[in-house]
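In: For reference, the sequence and a predicted model appear below.
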Amino acid sequence: DTAVSQTPKYLVTQMGNDKSIKCEQNLGHDTMYWYKQDSKKFLKIMFSYNNKELIINETVPNRFSPKSPDKAHLNLHINSLELGDSAVYFCASSQDGAGGSNEQFFGPGTRLTVL
Amino acid sequence: GENVEQHPSTLSVQEGDSAVIKCTYSDSASNYFPWYKQELGKRPQLIIDIRSNVGEKKDQRIAVTLNKTAKHFSLHITETQPEDSAVYFCAASRGSYKLIFGSGTRLLVRP
């Protein structure tokens, strides 16, 4: 009955590797997001998808490639991992429309550590 | 560009006292202002939100006020309890599938 789920919860990997994080929501929402939370707790949007279409790409390096196979899933693939990629990555979803913003529901987060 | 500034970065209060966190936003087209609470190691969760056609909203011990002219909004927590200790984030959106978050306030409620 989890609303927004992410896997894995923890990810420890070496520099240069490629890794993926998966996200699923069962709320029937049209919009999904990826956020990065750094060590200072700053929460910054990376991507927004609405109905599987990319809406927002916040000048994220092209090593990060989101993929939305359907409305309920938004995965994040990261190539050639760097030390600076270490952070907690949160997936979120909302029922946004052209009329405005609504509550975003966050997943539990994935703590990525790059060694 | 769009920016949300949040103050203070840390706040320590005695149990039972009130806590106030303030945010200012730069985009005058912003029309949605949520507040999220993030406990240690947990996900951010919405505690209250306000839209630009409302000046104040209250939910039990928490309230939010919005001043559109000055482009700032505030979170007020009354009768604080130890379980209120967490990081609080304000955010602003103009309805474009994007929330801009403030830098967070770490609230400590001392028993």
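Out: Everything's here; your move. From a predicted model like this one, the values you see are computed outputs, not experimental measurements.
In: So for chain A, the centremost residue is which one?
Out: By Cα atoms, centre = their mean, chain A has its centre lying nearest to A:Trp34, at 2.7 Å.
In: separation between that residue and B:Cys90?
Out: 20 Å (Cβ to Cβ, to the nearest Å). Yep, even glycine has a C-beta here, placed from its N, CA and C like the rest.
In: How far off centre is stretch A:23-34?
Out: Centre-to-centre, stretch A:23-34 and its host chain are 10 Å apart (Cα atoms, centre = their mean, to the nearest Å).
In: outside of it, which residues touch it?
Out: By Cβ atoms under 8 Å, 6 or more residues apart in numbering or on different chains, the list of residues contacting stretch A:23-34 from outside reads A:1-6, A:45-51, A:55, A:66, A:68, A:71-76, A:89-97, A:104-105, A:107, B:97.
In: Please name the bridge partners of the residue nearest to the centre of chain A.
Out: A:Phe47, A:Cys91 (DSSP bridges).
In: what's the spacing between it and A:Met15?
Out: Distance of A:Trp34 to A:Met15, computed by Cβ to Cβ: 21 Å.
In: Buried only: go through the contacts of stretch A:23-34 for me.
Out: A:4, A:6, A:45-50, A:55, A:66, A:68, A:71-76, A:89-94, A:96, A:104-105, A:107, B:97 (16 or more other Cβ atoms under 10 Å in any protein chain shown).
In: Grab the nearest non-local neighbour of residue 43.
Out: No chain was given, so I picked chain A. Take A:Leu43 and drop its neighbours on the chain: the residue closest to it by Cβ to Cβ, 6 or more residues apart in numbering or on different chains is B:Phe101, 4.4 Å away.
In: Wait, chain B was what I had in mind.
Out: For B:Arg43, the closest residue by Cβ to Cβ, 6+ apart turns out to be A:Phe106, at 4.1 Å.
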